[in-house]
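> Give me a 3D structure for the following:
(2 chains)
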Amino acid sequence: MPSANYTREIPQRYRLEASRCVKCGQVHYPPRLICPGCRSRQFETVALPSGGKVVTYTIISVGPSDFAAEVPYALGIVELEGGVRLMAQIVDVPPEKVSIGMPVTLEFRKLYEEGKAGIICYGHKAVPA
Amino acid sequence: MMAGIVGWGAHMPRYRVKVEEIARVWGASAEAYKKGLDVQEKSVPAPDTDSVTLSVTAARRALKRAGIRGADIGACYVGSESHPYAVKPSGTIVAEALGATPECRCADFEFACKAGTEGMAVALGLVDAGMVRYALGIGADTSQGAPGDALEYTASAGAAAYIMGKEGVVAECEHTYSYMTDTADFWRREHQYYPQHAGRFTGEPAYFKHVTGCATGIMKKSGTKPADFAFCVFHQPNGKFPATVAKQLGFKPEQWKQGLLCPLLGNTYSGSSPMGLSAILDVAEPGDRILHVSYGSGSGSDGFIYRCTDRIREVQGLAPKTRDILEGERFYLSYGEYVKFRGKIIMNERGA
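Okay, the predicted model is just below:
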């Protein structure tokens, strides 16, 4: 991820900021420019809650090069309180112990580095609640 | 209202390595280290954990207890000797994650293991001066110790965050004091991967001189004596030094045991005594007076005297308690997993 893009995405990556459509109330994460529900372009910023549950997951045994040292690891869809779903690594738990419906909390973690000399990219991962 | 702590929070990784596992690899006596250092195991940061991530989680817990928004914080100081970047502040990342930007003062602090308490002192000063309403001081480290060195048995990871303010104070800061000299007991030159230390010289002329100097200095300044405190907490490079200095100063075990985390946590460097203080605040009662003395090699100690207010009981349960995290679910690593987690294995660059 180029550094400029990364910096622009800080509000959603660091603070879980989502956009709520002023017209129909749908919440979008990541934020969108046009509401797919009602085509409105008017949004307000809302912060997502950090608590949720695992909707589904998979265990990655052969990861992309940035994550090769972390295998095996769990990658899942987490539904946050309020219904917004997002994809996140599920960490601090052996992958074989991850289960559907497991309560989790999103915690601030390092996602990856742009090589040894590049920037460090942060975001959220799911940990057991 | 006197300035003081309005919210606190601590965080540490769930991974641990036992003294026996490190000693096994280096052919050393685990019993000798456990007895000599009074340490059983230490926390280990996962590859996705650094001083910034630990700081953010600790600070979010402090916000919950303070009952304020990130945007209310007017200054953010992270003290660490393991800032992830050589050039680029840790504090900007932490402040962004909390929502404290853009109207926020920020700089990173370094002073070996007392960088965190210096950040706390500056945060208190800004609040007292009326420059900001709330200020955040954090001590955080993913500590380094050379493989096979005595430091490897204790160097661990953790953070504690303190929000200072004048409204909603849970522990008023009655006095501060600092005691500092130029002492070459522990250092790391630029581009060196691991710190060096002066062996036994790190004890009497370094740790004990400064911690004792600071503790006696602040008690003299405030007209207090050990019996006036419900709790005390000192920097914890191992489990033995803080217990020894507490006894030498005239404190009793019931005053220092609650804050002594090192036997199960290790030495979290800048996070060390601030994390011990967090464990005390978790259980303190209104009116309790607490003595807090840090130590950073190079060398210096910051001293604080806090007195808890009635509000402390209301906020203790709003975030996880330090000893609950410390003694909660833990995953024990082999030495091989530990060195992989700490990035001590030389790898090919990606794509090589």
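> what about the strands in chain A?
Using DSSP state E, the strands found in chain A span residues A:17-21, A:27-28, A:43-47, A:51-60, A:73-80, A:85-90, A:103-113, A:120-128.
> can those strands go into a markdown table with extra columns for distance to chain B, mean pLDDT and mean neighbour count?
Bear in mind the C-beta positions are built from the backbone N, C-alpha and C, glycine included. Listed next are the strands of chain A as a markdown table, based on distance: least, Cβ to the nearest Cβ, whole Å; pLDDT from 0 to 100; neighbours: other Cβ atoms under 10 Å in any protein chain shown:
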| stretch | distance to chain B | mean pLDDT | mean neighbour count |
| --- | --- | --- | --- |
| strand A:17-21 | 9 | 97 | 20 |
| strand A:27-28 | 18 | 96 | 18 |
| strand A:43-47 | 8 | 97 | 14 |
| strand A:51-60 | 13 | 98 | 17 |
| strand A:73-80 | 10 | 98 | 20 |
| strand A:85-90 | 8 | 98 | 18 |
| strand A:103-113 | 4 | 97 | 20 |
| strand A:120-128 | 6 | 97 | 21 |
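> does residue A:114 really touch residue A:66, like I thought?
No: applying Cβ atoms under 8 Å, one finds residue A:114 not in contact with residue A:66, separated by 9.1 Å.
> Out of the strands of chain A, the one nearest residue B:321 is which?
Closest to residue B:321 of those, according to Cβ to Cβ: strand A:103-113, at 16.0 Å.
> Can you show me the CA trace of the closest one as CSV?
Taking C-alpha atoms only, strand A:103-113 is exported to CSV below (Å, rounded to 0.1, in the frame of the first residue of the first chain):
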residue,chain,number,x,y,z
PRO,A,103,-17.1,-13.1,20.8
VAL,A,104,-14.2,-10.9,19.7
THR,A,105,-12.9,-7.4,20.2
LEU,A,106,-11.0,-5.4,17.6
GLU,A,107,-7.6,-4.4,18.9
PHE,A,108,-5.0,-2.0,17.3
ARG,A,109,-2.2,-4.0,15.8
LYS,A,110,0.5,-3.8,13.2
LEU,A,111,-0.8,-5.2,9.9
TYR,A,112,2.4,-5.3,7.9
GLU,A,113,5.5,-3.3,7.0
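> any idea how far it is from the chain center?
Using Cα atoms, centre = their mean, to the nearest Å, the mean C-alpha position of strand A:103-113 is found 8 Å from that of the whole chain.
> how does chain A divide up, domain by domain?
By the record's domain assignment, chain A is partitioned as A:1-48, A:49-129 (automatic domain parsing).
> Would you format these as TSV with distance to residue B:239 included?
Shown next, in TSV, are the domains of chain A (distance: least, Cβ to Cβ, whole Å):
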stretch	distance to residue B:239
domain A:1-48	36
domain A:49-129	26
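> All the strands of the stretch 101-250 of chain B, in order from the start?
Ranges of strands within the stretch 101-250 of chain B are B:105-109, B:134-142, B:157-165, B:171-180, B:186-187, B:196-197, B:231-234, based on DSSP state E, counting those that start in this stretch.
> Not counting its neighbours along the chain, what's nearest residue B:263?
Nearest residue to residue B:263, sequence neighbours excluded (Cβ to Cβ, 6 or more residues apart in numbering or on different chains): residue B:239, at 4.4 Å.
> Give me the number of neighbouring residues for the one you found.
23 (other Cβ atoms under 10 Å in any protein chain shown).
> In this structure it contacts residue B:38, no?
Yes: using Cβ under 8 Å, residue B:239 is in contact with residue B:38, at 2.9 Å.
> anything in contact with each of those two?
The contact sets of residue B:239 and residue B:38 overlap at B:262, B:263 (Cβ atoms under 8 Å, 6 or more residues apart in numbering or on different chains).
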